[in-house]
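Student: Give me a model of this one.
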Amino acid sequence: MKSRRIYALAAATILTIAGTNSVSAATKVETKANNNYTVNKVVNLTETKLSKVTKWKSNTKYFVGDKIVYNGNIYICKVDHSRLSPTIKYVWNKVEIPKWEKSTKYSVGDIVMYENKVYECKVDHSKLSPTTTYVWENLN
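Tutor: So this is what the prediction gives:
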């Protein structure tokens, strides 16, 4: 039997952050036999919440899927690297962040934009603005 190697390619797409709080990615799984590639299966992955968002730091090693805040925006790493700025599009995906709304119910882990700053919800609630520090964490 010929040996086969499995390669996986993934591209993450943000659906929504507040509301359904999900991130999904489609992964193509390919096998290599005699230098020919064929797609065997497309797998859908779902991650709940946009967790573990940290501030971007220069001279830091980042891996695919890492989430950072830079200049008031959230980015998801697409390529393992170190030192590359979030402004480099082939390395980072910019995430669209919903604005905070008074009439919305928020859950732990929800991310919102308020007065040009990014906040993460620490306590389930509704109607409390991101300036309420025991409920929201400023990620800037």
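
Student: Next one: Glu120 from Ser129, what distance?
Tutor: Distance, Glu120 to Ser129, using Cβ to Cβ, to the nearest Å: 14 Å. Using the backbone N, CA and C atoms, a C-beta is placed for each residue, glycine as well.

Student: Who has more neighbours out of the two?
Tutor: Each of Glu120 and Ser129 has its neighbours counted (other Cβ atoms under 10 Å); Glu120 has more, 23 against 13.

Student: List the residues that contact the more buried one.
Tutor: Residues in contact with Glu120 (Cβ atoms under 8 Å, 6 or more residues apart in numbering) are 53, 109-111, 136-137, 139.

Student: do Met113 as well
Tutor: 72, 97-100, 119.

Student: Which of those ranks first by neighbour count?
Tutor: Tyr119 (25 neighbours).

Student: Ignoring the adjacent residues along the chain, who's closest to that residue?
Tutor: For Tyr119, ignoring the flanking residues on the chain, the nearest one in space by Cβ to Cβ, 6 or more residues apart in numbering is Pro130 at 3.9 Å.
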